[in-house]
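Enquirer: structure for this input, please:
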Amino acid sequence: MRVVVIGSGAREHALVRALRRGGGAREIVAIPGNPGIAREERCVPAQPSLSDAALAESPDLVIVGPEAPLAEGFADRMAQRGVPCFGPLQAAARIESSKAFAKEIMLAAGVPTAHAAVFEDAAAARQHARARGACVVKLDGLAAGKGVIVADDGAAAAAAVDELWKPGARLLIEERLSGREVSIIALCDGETVVPLPPARDHKRLLDGDLGPNTGGMGAVCPPSDATEELVDLTVRTILEPTARELARRGAPFVGALYAGLMLTTQGPRVLEFNCRLGDPEAQAILLRLRSDPLPLFFAAAQRRLAGQRPVWDSRTAVAVVLAAHGYPGAPRSMDEIRGLEALAAEEGEDLWVLHAGTKLQSGKVVTGGGRVLTVAALGTGPAQARARAYGAAARISFAGMQSRADIAAAEM
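Expert: Numbering: from 1, shown residues only. Purely as a prediction, here's the structure:
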């Protein structure tokens, strides 16, 4: 069986690692992949286009990592050619590519979420934000996890409108919820929902949840406060109703349906939906997977997920992101990365060093900007997992390297 994995980040490296665990007669191809993946499986460039490159491989299954191709209709092209694809059609991917559409779906499905108003006029949005005071300002569209500003007062909210606004844009001014965040992601075949273990992302650049929003600086799986009861409640009141509403509208969701939640005193409330596995959540979640993921992804793509039961390691996973100098604003590239070769000998079933923003230059691995690497480790509880992940990360170095020192610290 030939499986094509779409993407070039640490999430896609984790997908390749998990698929390799399954063994059997399978070939894994990454498009475009990265230098880390290329050491393990074949990578091919996305030429003349991503979909053309995928179809040229005559795949039995395509697994899509990032959101942008899905929002642009990649899965639709696969469907037209009869290729099973783990990733939603463009109409269902709007659950992430349009925050206004996601709110519409949630309201129709009775899914608990923050109250929001949508604006297409900057002046009206600015006036509403200033009057609202403390709120959340969101750009209605894909923004690589960085199109959201949490404002503490009306002046900050109005400034957030000015920062995010661009011609033709829509903004959401949303109620600011209080609590701890958690990500609950489920595999979905358009009808059946199979939840993965919960994870907690750390979105801000700096320790103590300070600094600008990023694509995510680390994750823990599972968080200490994410109980089985919470997962069951989320499936029953959030994920299943959302999947039903999308199907009712003729846009059945096939792929990874990601609910970003705030755990409020009134129960879980949806902050956002994503149409794919989270990054860095996937790196922590997939490290814990002990059964073969291929039957799961294939069953979802073929609309027959019912009865699938993945097997999980009971230990905790912690994933720590190492980012380039200047990230997230103006990340620098071409800094040589040291320590990877020595660490590679110690990688195995409970320690992964996953490539993202890396490049090969004159035979050396250098930074390619953005989030460069993710180091993920298993441990008996968050303290041991943290110690192992940070111990490995400390052996990697490059000029200007940024990382948080408090990933999963609140879980202990």
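
Enquirer: how close does V270 sit to M401?
Expert: V270 sits 34 Å away from M401, going by C-beta to C-beta, to the nearest Å. Backbone N, C-alpha and C define where each C-beta goes, glycine included.

Enquirer: ok, the two, which is more surrounded?
Expert: V270 (24 against 18; other C-beta atoms under 10 Å).

Enquirer: list the contacts of the more buried one.
Expert: Applying C-beta atoms under 8 Å, 6 or more residues apart in numbering to V270 gives the contacts M106, V111, P112, T113, A114, I238, A259, G260, L261.

Enquirer: save these as TSV, and put in pLDDT, neighbour count and secondary structure too.
Expert: Listed next are the contacts of V270 as TSV, based on pLDDT from 0 to 100; neighbours: other C-beta atoms under 10 Å; DSSP: H, G, I helix; E, B strand; the rest coil:
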residue	pLDDT	neighbour count	secondary structure
M106	97	22	helix
V111	98	22	coil
P112	97	16	coil
T113	95	24	strand
A114	93	19	coil
I238	98	27	helix
A259	98	25	strand
G260	97	18	strand
L261	97	25	strand
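
Enquirer: distance to I28 for these - can I get that in TSV?
Expert: Below are the contacts of V270 laid out as TSV (distance: C-beta to C-beta, whole Å):
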residue	distance to I28
M106	36
V111	36
P112	39
T113	37
A114	40
I238	32
A259	28
G260	29
L261	32
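
Enquirer: out of those, who's nearest L360?
Expert: Closest approach between those and L360, by C-beta to C-beta: G260, at 34.2 Å.

Enquirer: ok, that closest one - contacts?
Expert: Neighbouring residues of G260 by C-beta under 8 Å, 6+ apart: E181, S183, D201, V270, L271, E272, F273, N274.

Enquirer: roughly how far does the residue nearest the centre of the chain sit from E67?
Expert: Central residue of the chain (C-alpha atoms, centre = their mean): G278, 1.5 Å from the mean position. Look at G278 and E67: by C-beta to C-beta, they are 10 Å apart.

Enquirer: T234 too?
Expert: When distance is defined by C-beta to C-beta, T234 is 21 Å away from E67.

Enquirer: so the closest residue to D162 other than its chain neighbours: helix, strand or coil?
Expert: Spatial nearest neighbour of D162, chain neighbours left out: R126 (7.0 Å); criterion: C-beta to C-beta, 6 or more residues apart in numbering. Secondary structure, DSSP: H, G, I helix; E, B strand; the rest coil: R126 is helix.

Enquirer: give the contact list for R126.
Expert: A158, V161, D162.

Enquirer: same check, this time on G190
Expert: With C-beta under 8 Å, 6+ apart, G190 has these contacts: A243, A247, P252, F253, V254, R303.

Enquirer: mind checking the SS state of I173?
Expert: Using three-state DSSP, the structure places I173 in strand.

Enquirer: beta partners of it?
Expert: Beta bridges link I173 to A117, V137, judged by DSSP bridges.

Enquirer: go ahead and confirm it touches A117.
Expert: Yes: I173 is within contact range of A117, at 5.1 Å (criterion: C-beta atoms under 8 Å).

Enquirer: what is in contact with those two at once?
Expert: Among the neighbours of I173, those also in contact with A117 (C-beta under 8 Å, 6+ apart) are H128.

Enquirer: neighbour count: the two, which is higher?
Expert: More crowded of I173 and A117, by other C-beta under 10 Å: I173, with 25 against 16.

Enquirer: dihedrals phi and psi, R170?
Expert: Taking degrees, to the nearest 10, you get phi -120, psi 140 for the backbone angles of R170.

Enquirer: quick one: contacts for the residue lying closest to it once chain neighbours are set aside?
Expert: Nearest non-adjacent residue to R170, counting by C-beta to C-beta, 6+ apart: D140, 3.8 Å away. Residues in contact with D140 (C-beta under 8 Å, 6+ apart) are S98, K99, A100, V118, A169, R170, L171, L172.

Enquirer: ok, so of those residues, who is nearest Q361?
Expert: Nearest to Q361 out of these is A169 (C-beta to C-beta; 37.0 Å).

Enquirer: show me the contacts for the closest residue to that closest one other than its chain neighbours.
Expert: In this structure, A169 finds its nearest non-sequential neighbour in L139, 6.3 Å apart by C-beta to C-beta, 6+ apart. Neighbour list for L139: K99, G147, V148, L164, A169, R170, L171 [criterion: C-beta under 8 Å, 6+ apart].
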